[in-house]
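[1] Below are the sequence and a predicted model; questions follow.
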Amino acid sequence: MRDSSRRGFMGKAFGAVAGVGAVASLFAMKKTWDPLPSVKAAGFTTLDMSAYNENELITEKWRGKPIFVLKKSAEMIASQTPVQQERDVIVDGSHYMVAIGLCTHLGCIPAYNTDKKDFLCACHGGQFDFSGAVAKVPPPRGLDIPPFKVDGNKLVLGEVGPEYTKMKESGITL
Amino acid sequence: MAKFTKATSIKDWINQRLAIEKVEKVMGSEYWIPKNINFLWAMGMVLVITFVLLLVSGIFLLMYYQPNIDTAFYSVNYTIMRDVDFGWLWRHIHGVAASVVFLIIYIHMFTGIYYGSYKKGREMIWLSGMLLLVAFSAEAFSGYILPWGQMSYWAGMVITNLFSGGSLHADGLVEWIRGDYVPAQAFLSRFFMLHVLLIPLAILGLIGLHFAALRIPHVNNQDGEEIDFDAESKKYLDGDKKGSKVIRFANDFMSKDMMVAGIYLVFFFYLVFYNYGFAMDPVNFDPADGLKTPAHIYPEWYFLWSYEILRPFSIDIGLIAFAFAQGIFLGLPFLDRSPNAIAANRRGPAFMIWFWLMLTNMIVLTAMGKLPPEDPYSTIGYWAAILFIVQWLALPIITSYEKKV
Ligand code: HEM
Ligand code: FES
């Protein structure tokens, strides 16, 4: 400081003011790009699980995202490996695959083939089995399971129930 | 105050205040261009003209386009295409120019690579050019979102998901970019802002930088000759126009640029009137639907090569390979270790092969990216992607063995 001239001091003083201003404006800009509260508070979706038919894929909607619901037939349940079993959502004694219908690679919607009982993602050729686990890369993991809570024969999406917490803790879904 | 005299003419009046004669000299009549350059050097001017076409047609589209998820699709496909007199013309010009501009950019880039025009003081030209490619890519992507058709929506979905970084799961970042969990109104509005204001401003600034970077090293020439511009321009001004290796930019050299531009414009408007289909994806004539992915999602042709480098791998390796492909061209001036800044065909076989292999491979990657992800295409794509990476890793090695010619 001792050596610096008065102009040097003015320059540094301006630099300090401008620095604070720049950080503050970047913060405001970042926050302006955030999703709005109305978007974040997006509601809950309640599904009546008694309405589904076996091996027929139905696409529901939650927070703008497609949700796959697939009721498994007895034969499908019997053929499941432990990995596939863990992903089951059980409501009122029936087994369902419930998952966010967006490929975990880059977010396309995979298509279900009723005969082959698997999903094919047309974007980059990824495949999933009927439980939503990966069968062929590039997808890095099985279809994500949305937060859910079982309520009688209904399923509430967006609420966190004990079954979901268990799946999340054991790393079955993200 | 500076000294002003009574003006002898309008030109003199302006000249005393704005020094237009000086400006004209600096920018045109005494900006020197080598004589030994061919039509490939007109691509820069062709790019400027294409950008102006995009700007003008964009301004007219902007008068009727509505950035709203409920009305955007109809404002483009109904209002602009059917109601507005000549609305189709602006849209076709805009679409064709957005596609053709990349063809010209790629020719311009490979011309630069072939003639070594990114070395010996020309590094900044190359770097600013690559930033222009990035800015144009962002401009084209944001524009593609605007009509809010099926491809708009799903391209928006897939490309923004790239920012989750694979296993990093930066989903918060993706939602921040979109302003929502999925592409919705917030996403359309902000990409509209980017497309019509922020990115075009950035492009204008970068064009300025690109030109400024050309100023001191001047343009390269076919023979990679190091020209002494001061000596050669003096020779020219002293009357030895024949003996000098340079000519004036304006109007002398410009006439050649404009000849090429004329041919280009005839071809361009032929496309606009008779063959615009390639620039309009049929899938995008369906309105956006978040619950239905189109059977095949592929980007516009100019992104296919890098998309194909992403596709054959598992997500993390794919993203790394993709980032590598996007960024590596920036490093070209520093990865090429050879002392020669001359045409590829005179640098010995190694670089010559490298150049033609790179060009061919990028065409192969482009073709494979368009085909569905099945064998044999995915296998060819896989090996082409590997070859692309290997070629870049090999570049510093093969060029450091190159002898000075
Ligand atoms: C300042 C200049 C520009 C303005 C004001 C502008 C404006 C617009 C507007 C309003 C649209 C929506 C209407 C439509 O879809 O046809 C649009 C679309 C588009 N723009 Fe631009 N634009 C500009 C520059 C560019 C540039 C430089 C590129 C690319 C290199 C580009 C690429 C596109 C693309 C690919 C579309 C979608 C076209 C379609 O689907 O028909 N734009 N632009
Ligand atoms: S988005 Fe499904 S495989 Fe890439």
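    That came through, no problem. Ligands and ions are numbered 1, 2, ... in the order given.
[2] Let me see the ranges of the strands in the chain.
    Defaulting to chain A. A:45-48, A:57-62, A:65-71, A:89-91, A:94-100, A:111-113, A:118-120, A:127-129, A:134-136, A:148-151, A:154-157 (DSSP state E).
[3] Switch to chain B, please.
    Per DSSP E, chain B carries strands over the ranges B:32-34, B:246-248.
[4] Look up how far residue A:11 lies from residue B:346.
    Separation of residue B:346 from residue A:11 (CB to CB, to the nearest Å): 52 Å. Every C-beta, even on glycine, is put in place using the N, C-alpha and C of the backbone.
[5] same thing with residue B:73?
    Going from residue B:73 to residue A:11 by CB to CB gives 53 Å.
[6] Which one's more surrounded, the two?
    Between residue B:73 and residue A:11, counted using other CB atoms under 10 Å in any protein chain shown, residue B:73 has the larger neighbour count: 22 against 12.
[7] Run through the residues that contact the more buried one.
    Applying CB atoms under 8 Å, 6 or more residues apart in numbering or on different chains to residue B:73 gives the contacts B:147-149, B:287-288.
[8] of all the strands of chain B, which lies closest to ligand 1?
    Checking the strands of chain B against ligand 1 by CB to the nearest ligand atom gives strand B:32-34 as the closest, at 26.5 Å.
[9] which other residues reach the closest one?
    With CB under 8 Å, 6+ apart as the criterion, strand B:32-34 contacts B:218-221, B:225, B:227, B:229, B:232-233, B:236, B:245-249, B:253.
[10] circling back: in TSV: the contacts of residue B:73, plus neighbour count.
    Formatted as TSV, these follow (neighbours: other CB atoms under 10 Å in any protein chain shown):
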residue	neighbour count
B:147	25
B:148	26
B:149	26
B:287	17
B:288	23
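[11] From these, which land in helices?
    Per DSSP state H, helices hold no members of those.
[12] from those, which is closest to chain A?
    Nearest to chain A among the contacts of residue B:73 is residue B:288, at 11.5 Å by CB to the nearest CB.
[13] so who does that closest one touch?
    Contact analysis of residue B:288 by CB under 8 Å, 6+ apart lists B:69, B:73, B:148-150, B:152-153, B:183.
[14] Once you drop chain neighbours, what's closest to it?
    Nearest non-adjacent residue to residue B:288, counting by CB to CB, 6 or more residues apart in numbering or on different chains: residue B:153, 3.6 Å away.
[15] looking at it, the one you found is touching residue B:290, isn't it?
    Yes: taking contacts as CB atoms under 8 Å, residue B:153 lies within contact range of residue B:290: 6.6 Å.
[16] between those two, which one's more packed in?
    Between residue B:153 and residue B:290, residue B:153 has the larger neighbour count (other CB under 10 Å), namely 26 against 18.
[17] Provide a list of residues in contact with the more buried one.
    Residues near residue B:153 by CB under 8 Å, 6+ apart: B:183, B:288-290.
[18] Recalculate using a threshold of 10 Å.
    By CB atoms under 10 Å, 6 or more residues apart in numbering or on different chains, residue B:153 lies in contact with B:69, B:145, B:182-184, B:187-188, B:284, B:286-290, B:292-294.
[19] swap in residue B:276?
    Contacts of residue B:276 by CB under 10 Å, 6+ apart are B:88, B:91-93, B:95-96, B:99, B:270.
[20] For ligand 1, tell me which of those show up nearby.
    Among those, the residues within reach of ligand 1 (CB under 6 Å from any ligand atom) are B:91, B:95.
[21] Selecting buried members of the contacts of residue B:276 in ChimeraX, what would you type?
    Applying 16 or more other CB atoms under 10 Å in any protein chain shown to the contacts of residue B:276, the buried members can be selected in ChimeraX as follows:
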select /B:91,92,93,95,96,99
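[22] What is the nearest of the contacts of residue B:276 to residue B:31?
    Distance ranking of the contacts of residue B:276 against residue B:31, using CB to CB, places residue B:93 first at 30.4 Å.
[23] As TSV, the strands of chain B with distance to residue B:205 would be great.
    Conversion of the strands of chain B to TSV gives the following (distance: least, CB to CB, whole Å):
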stretch	distance to residue B:205
strand B:32-34	24
strand B:246-248	27
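[24] Let's have these in a markdown table, adding mean pLDDT.
    Listed next are the strands of chain B as a markdown table, based on pLDDT from 0 to 100:
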| stretch | mean pLDDT |
| --- | --- |
| strand B:32-34 | 93 |
| strand B:246-248 | 92 |
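[25] Reformat those strands as JSON lines; add mean neighbour count and distance to residue B:353.
    Output for the strands of chain B, formatted as JSON lines (neighbours: other CB atoms under 10 Å in any protein chain shown; distance: least, CB to CB, whole Å):
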{"stretch": "strand B:32-34", "mean neighbour count": "20", "distance to residue B:353": "28"}
{"stretch": "strand B:246-248", "mean neighbour count": "20", "distance to residue B:353": "33"}
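[26] Among those strands, single out whichever gets nearest to residue B:140.
    Closest among those, once you apply CB to CB, is strand B:32-34, at 30.5 Å.
[27] circling back to that earlier point, relative to residue B:15, which of the contacts of residue B:153 is nearest.
    residue B:145 (47.5 Å).
[28] residue contacts, the closest one?
    Counting by CB under 10 Å, 6+ apart, residue B:145 touches B:67, B:72, B:151-153, B:155-156, B:159-160, B:183, B:187-188, B:190-192, B:194-195, B:288.
[29] Tell me if the least confident helix or strand in chain A by mean pLDDT is near chain B.
    Ranked by mean pLDDT, DSSP states H and E, the helix or strand of chain A with the weakest confidence is helix A:37-40, at a mean of 79. Yes: for helix A:37-40, a contact with chain B is found by CB under 10 Å from any CB of the partner chain, at A:39-40.
[30] Leaving out sequence neighbours, find the closest residue to the residue most central in space within chain A.
    By CA atoms, centre = their mean, chain A has its centre lying nearest to residue A:144, at 5.2 Å. Leaving aside its sequence neighbours, residue A:144 sits nearest to residue A:100 (CB to CB, 6+ apart; 4.7 Å).
[31] That neighbour touches residue A:68, doesn't it?
    Yes: contact criterion CB atoms under 10 Å: residue A:100 and residue A:68 qualify, at 7.6 Å.
[32] Pull up the overlap in contacts between the two.
    Taking CB under 10 Å, 6+ apart as the criterion, residue A:100 and residue A:68 both touch A:109, A:132, A:143, A:146.
[33] can you list the domains in chain A?
    A:2-34, A:41-169 (automatic domain parsing).
[34] got it, and chain B?
    Split by automatic domain parsing, chain B gives B:21-292, B:298-405.
[35] could you dump those domains to CSV with distance to residue A:59?
    Below are the domains of chain B laid out as CSV (distance: least, CB to CB, whole Å):
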stretch, distance to residue A:59
domain B:21-292, 6
domain B:298-405, 23
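[36] what would those look like in a markdown table with distance to ligand 2?
    Formatted as a markdown table, those follow (distance: least, CB to the nearest ligand atom, whole Å):
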| stretch | distance to ligand 2 |
| --- | --- |
| domain B:21-292 | 6 |
| domain B:298-405 | 8 |
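[37] Please report how far residue B:339 lies from residue B:391.
    Taking CB to CB as the measure, residue B:339 falls 21 Å from residue B:391.
[38] neighbour-wise, which of those two wins?
    When residue B:339 and residue B:391 are compared for neighbours, residue B:391 comes out ahead with 17 against 13, by other CB under 10 Å.
[39] thought the more buried one was touching residue B:365?
    No: using CB under 10 Å, residue B:391 makes no contact with residue B:365, being 11.7 Å away.
[40] list the contacts for the closest residue in space to residue B:249 that isn't next to it in sequence?
    Ranked by CB to CB, 6+ apart and with sequence neighbours excluded, the top spatial neighbour of residue B:249 is residue B:31, at 4.1 Å. Residue B:31 is in contact with B:24-25, B:214-215, B:218, B:229, B:233, B:246, B:248-250, B:253, counting by CB under 10 Å, 6+ apart.
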